[in-house]
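Q: task: produce atomic coordinates for the following.
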Amino acid sequence: MRIERVPLSALPQHFRPLPVAFASGDPRILSRFAFDFRDRRARVEHARRAAERGLEPEVAARLEPGPALEKLKSGAAAVVAGQQPSVALGPFYNFLKAATAVAWARRLEGEGIPAVPIFWNHSDDDHDEGLNRVAVPDRQGALKVLEAPWSSDGILANREARLDLDALGQALPDGPARAEVVALLRRTMTGPVAADFTRLLRSLFKAELLVIEPAQLDGARARAVFARALSEPGLVQRLVDEGGEKLKSAGFDRALNRSLGSNVYAIDGRRRVRIDTLQGETRRLSAGVALRLILQDSVLPAALTVAGPNEIAYLAQLRELYAFYGLPGPAVAPRVTATVVEPRVARAAEAMEIRGADLLAGEEALRTKAAEKSRGPLIAEVESLSLEWRRKLDEFEGRLGAGDPKLAELGRKTRDKIAEILAAFRERIAASGRDSDAVATERIRRVVNHLVPEGKLQERVLPVWHFAALGGPDLLRTLRESLDPFCVDHQIAWL
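A: Now for the predicted structure:
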């Protein structure tokens, strides 16, 4: 397996300026976090303080028994990742996020801090857009989208969405592990989406990863977090807005909007409802997107949060909220971001002579590149003609200007008009090649549907099961061993 690295700055269509700045070590953004995750001394000291916080006995009593829990009870720190639960484990980035958490926990162990990787299943969420669909390139290279109808509304912990596993099995690559993957999904996807999500994570990571859900974190520390959040009207929103203004003044967009309210919810049967007071409240409480990280860092001995690019953007807005709670700020490491190029797709890409950032530029850019390749000699002639005209007209303009400034101005306008006409002619030649080469069109379709499906990075659309079917557990293990979990670039894995 060959790994190619592409800086996030080379992929502006996929990564916003803030996570790009975070990856590059921009001090304007790093000042919004507790420390730079690359700073070993600061990282180890923060992890040591987190471990000293320990785990509440009433929380420990709700977590899954096993070596990870015993390690936490003995004073280990935690490396935490999290995500809303999706049907069939959702996109590939969920696998990458869990794998990154495991890798960072091991690294802390090597630095002398016992650590446990934790994946927080955000099953109290009720935002369900896109969480009930799976998209995979079928064996002909077309993108097949499967959507499972929701059984009800409300929080994801209580909702089912039955995916057509026969249709998924037919679309998955006909690799040595396809039947095994479908059998695993049939055994595991038997209940609500959130519970299935937890079981699927455990099936992939076994005892390496402790998976938790919000109800397990209910304890004295959590109740104190909620009480402070509701201690004055509009507190959370005000502090988040302050963070948004700080980001704006530094030249970045805010990620969290102005409609968070208290960000405290009560679980009312199958639903969650936002509340503004604890008076008379007996229901279990739950944190919204802004308060969730405060709850995590207060209840768990969290040394690091593994976050994707979009999460980094909103975590950068929470520094003021952290300060209110007496916390040093979000301690964040980026998750692995990666694209896997399987052999069939690699052959198509190599035939088109594309690699690196060009692989991920999208269909229109690839079509243009292919057209330019097929129409290269004609385009080169037009470009040569354009340069020759410009040289001659520049020379002519100089002679005109010596005698009549008005003629010189007319000469400049003529030069610019001819340049515009020739540029349009060049584009028409390139465009004529976009649809003329059926072989190139088929190659582009295959590359796009595998690497940038729906115009998004592969990791945001395809499920891990596409790769598991292709190469089984050995391929997933090789990916984990080959991808650098501490790399800030986008990594392209050529199989």
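Q: what separates residue 367 from residue 476, distance-wise?
A: In this structure, residue 367 lies at 33 Å from residue 476, with CB to CB, to the nearest Å as the measure. C-beta coordinates here come from the backbone N, C-alpha and C atoms, glycine included.
Q: who has more neighbours out of these two?
A: The neighbour comparison of residue 367 against residue 476 (other CB atoms under 10 Å) goes to residue 367, with 21 against 18.
Q: does the more buried one sit in a helix, a strand or a coil?
A: Applying DSSP: H, G, I helix; E, B strand; the rest coil to residue 367 yields a three-state assignment of helix.
Q: surely it and residue 445 touch.
A: No - counting by CB atoms under 8 Å, residue 445 is not a contact partner of residue 367; they are 10.0 Å apart.
Q: give the buried residues for stretch 168-187.
A: Within stretch 168-187, the residues that qualify as buried by neighbour count (16 or more other CB atoms under 10 Å) are 168, 169, 171, 172, 173, 175, 177, 178, 181, 182, 184, 185.
Q: so residue 37 is in contact with residue 331, correct?
A: Yes - applying CB under 8 Å, one finds residue 37 in contact with residue 331, separated by 7.3 Å.
Q: what do these two both touch?
A: Common neighbours of residue 37 and residue 331, counting by CB atoms under 8 Å, 6 or more residues apart in numbering, are 43, 304.
Q: more neighbours: which of the two?
A: Residue environment comparison for residue 37 versus residue 331 gives the larger neighbour count to residue 331, 25 against 22, counting by other CB under 10 Å.
Q: that one contacts residue 46, correct?
A: Yes - taking CB under 8 Å as the contact criterion, residue 331 and residue 46 are neighbours in contact, 5.5 Å apart.
Q: what residues do these two have in common as contacts?
A: Common neighbours of residue 331 and residue 46 are listed as 34, 35, 303 (criterion: CB under 8 Å, 6+ apart).
Q: top of the residues you listed by neighbour count?
A: Using other CB under 10 Å as the neighbour criterion, residue 303 leads the shared contacts of residue 331 and residue 46 with 28 neighbours.
Q: ok, that residue - contacts?
A: Residues in contact with residue 303, defined by CB under 8 Å, 6+ apart, are 43, 46, 47, 50, 51, 77, 78, 79, 108, 113, 115, 331.
Q: determine which two of the residues you listed are furthest apart.
A: Using CB to CB, those span at most 13.8 Å, a distance reached by 43 and 78.
Q: these two - which one has more neighbours?
A: Set side by side, residue 43 and residue 78 show unequal neighbour counts under other CB under 10 Å, the larger going to residue 78 at 31 against 23.
Q: where does the more buried one land in three-state SS?
A: Following three-state DSSP, we place residue 78 in the strand state.
Q: could I get the pLDDT score of the closest residue to residue 456 other than its chain neighbours?
A: For residue 456, ignoring the flanking residues on the chain, the nearest one in space by CB to CB, 6 or more residues apart in numbering is residue 14 at 7.5 Å. Confidence per residue is given as pLDDT, and for residue 14 that number is 97.
Q: so what's residue 14 up against?
A: Residues in contact with residue 14 (CB under 8 Å, 6+ apart) are 8, 360, 456, 457, 490.
Q: from residue 97, how far off is residue 291?
A: For residue 291, the distance to residue 97 under the criterion CB to CB works out to 21 Å.
Q: would you tell me which helix is longest in the chain?
A: Identified as the longest helix of the chain according to DSSP state H is helix 405-434.
Q: let me see the mean pLDDT of that one.
A: When pLDDT is averaged along helix 405-434, the result is 75.
Q: so what touches the helix or strand following it?
A: On the C-terminal side of helix 405-434, the closest following helix or strand by DSSP states H and E is helix 438-451. The contact list for helix 438-451, computed with CB under 8 Å, 6+ apart, reads 137, 141-143, 339, 341-342, 344-345, 348-349, 351-352, 354, 359-360, 362-363, 366-367, 370, 374, 435, 458, 462.
Q: centre of the chain to helix 438-451, how far?
A: Computed by CA atoms, centre = their mean, to the nearest Å, the separation of helix 438-451 from the middle of its chain amounts to 24 Å.
Q: helix or strand right after the helix or strand hosting residue 296?
A: The secondary structure element spanning residue 296 is helix 289-299 (assigned by DSSP H and E). Using DSSP H and E, the helix or strand that follows helix 289-299 in sequence is strand 302-307.
Q: which neighbours in the sheet does that following strand have, and how are they oriented?
A: Sheet partners assigned to strand 302-307 using DSSP bridges are listed as strand 77-83 (parallel), strand 332-334 (parallel).
Q: what mean pLDDT does the helix or strand just after the shortest one have?
A: Counting by DSSP H and E, the next helix or strand C-terminal to strand 332-334 is strand 337-341. Averaged over strand 337-341, pLDDT sits at 98.
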